[in-house]
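# Take a look and give me a structure for this.
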Amino acid sequence: MVMYRDFATRKARGLGLVGEVTNLSDGTVRVIAEGEEERLHTYLSLLEQGSILAHVEHVGVVWKDATNAYTKFMITY
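Coordinates of the predicted model:
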């Protein structure tokens, strides 16, 4: 119970980002975030550190154009 999704959500909202975070069946966590580039870089750094209970092995990044499909940041199940 590392609460990584909660951590990712709180940090994203604090930075004014929108998107979603979800656990995948292979045990990884997928994050989709949209916002200002500088804030996204800050967010990426936070995700690489993780919460105090998390052990982050790797953060893969794929940069794409924003879809504007999100109005807030949320946890999806």
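# number of nearby residues for Y43?
The number of residues packed near Y43 is 21, by other Cβ atoms under 10 Å. No exception for glycine: its C-beta is placed from N, CA and C like everyone else's.
# Skip the chain neighbours and tell me the closest residue to it.
Using Cβ to Cβ, 6 or more residues apart in numbering and skipping the chain neighbours, the partner closest in space to Y43 is L15 (5.5 Å).
# And the one you found, how far from I52?
Using Cβ to Cβ, to the nearest Å, L15 is found at 19 Å from I52.
# In this protein, where is pLDDT below threshold?
1 (pLDDT under 70).
# Can I get stretch 21-33 as CSV, trimmed to CA atoms?
The C-alpha trace of stretch 21-33 is given here as CSV (Å, rounded to 0.1, in the frame of the first residue of the first chain):
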residue,chain,number,x,y,z
VAL,A,21,-3.4,8.0,-13.1
THR,A,22,-4.2,4.3,-13.0
ASN,A,23,-2.7,1.0,-12.0
LEU,A,24,-2.1,-1.4,-14.8
SER,A,25,-2.4,-5.2,-14.5
ASP,A,26,1.3,-5.7,-14.7
GLY,A,27,1.8,-3.7,-11.5
THR,A,28,3.0,-0.5,-13.2
VAL,A,29,1.3,2.9,-12.9
ARG,A,30,0.3,4.9,-16.0
VAL,A,31,0.0,8.7,-15.7
ILE,A,32,-1.3,11.0,-18.4
ALA,A,33,-0.8,14.6,-17.5
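# picking that back up, for the residue nearest to Y43, what are phi and psi?
Here the main-chain torsion angles of L15 (degrees, to the nearest 10) amount to phi -90, psi 0.
# quick one: contacts for it?
Counting by Cβ atoms under 8 Å, 6 or more residues apart in numbering, L15 touches 35, 39, 42-43.
# nearest to A8, of these?
Taking Cβ to Cβ as the measure, A8 sits nearest to Y43 out of those, at 8.5 Å.
# Show the contacting residues for the closest residue to N68 other than its chain neighbours.
Leaving aside its chain neighbours, N68 sits nearest to E34 (7.3 Å; criterion: Cβ to Cβ, 6+ apart). Contacts for E34 (Cβ under 8 Å, 6+ apart) come out as 17-19, 66-68, 70.
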